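Undergrad: Build me a model from this:
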Amino acid sequence: MCRFLIICFLLVSGNVVFSQKDLNTNHKNAKQAVLDFFEGFHKGDTSMIRKTISPSIAMQTIARTKEGKTKAINTDMGKFLAVIHNRPKDQKWLEKLLDFRIDADAHIAQIWTPYEFYVNDQFSHCGVNIFQLFNDGDTWKIIAIADTRKKEGCK
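TA: Model prediction:
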């Protein structure tokens, strides 16, 4: 009986360690997709960005209207990519990701990233990005991005 319990313990322990390794790999690979997205964003390389996103990506900004109401504003990814591609070469954009909170399993992930945004090294605004990703078996792809933006209360 004791031998049976030891074998069961070893099997369960091995499974937990294996699952933790998969979890860490999923976190790491999903995070890398977001980092690759921003590498393309900072370089103005839309082909690099396209490698990180799903063709049917949803993109929204949560913003306050002049009347003080909060609403979700849809952004067309094609227009977003055109703005990045057509950015003046002498204009530097930097989105500093301040933290990563990641929930992931083998097929889906959500990443929360507070950020600060700078244009030519001048602070512009801050907020939070939320990325939803899926794993197609080969790579993690961003399927949705939502962000907030504010100019005050950032630091």
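Undergrad: mind listing the helices for this protein?
TA: Remark: helices assigned in the chain by DSSP state H are 2-43, 46-50, 77-85.
Undergrad: Per-residue pLDDT of F4, please?
TA: We have a pLDDT of 50 for F4.
Undergrad: what packs against the longest strand that the chain contains?
TA: Determined from DSSP state E, the single longest strand within the chain is strand 122-135. Where contact means 3 or more Cβ pairs under 8 Å, 6 or more residues apart in numbering; DSSP states H and E, strand 122-135 is packed against helix 2-43, strand 108-119, strand 140-148. Quick note: C-beta positions are derived from backbone N, CA and C, even for glycine.
Undergrad: Partner strands of the shortest one, with direction?
TA: Which is strand 140-148. strand 53-64 (parallel), strand 122-135 (antiparallel) (DSSP bridges).
Undergrad: of all the helices and strands packed on strand 122-135, which has the lowest average per-residue confidence?
TA: Among these, helix 2-43 scores lowest, at a mean of 71.
Undergrad: what's the closest non-adjacent residue to Q132?
TA: A144 (4.1 Å; Cβ to Cβ, 6 or more residues apart in numbering).
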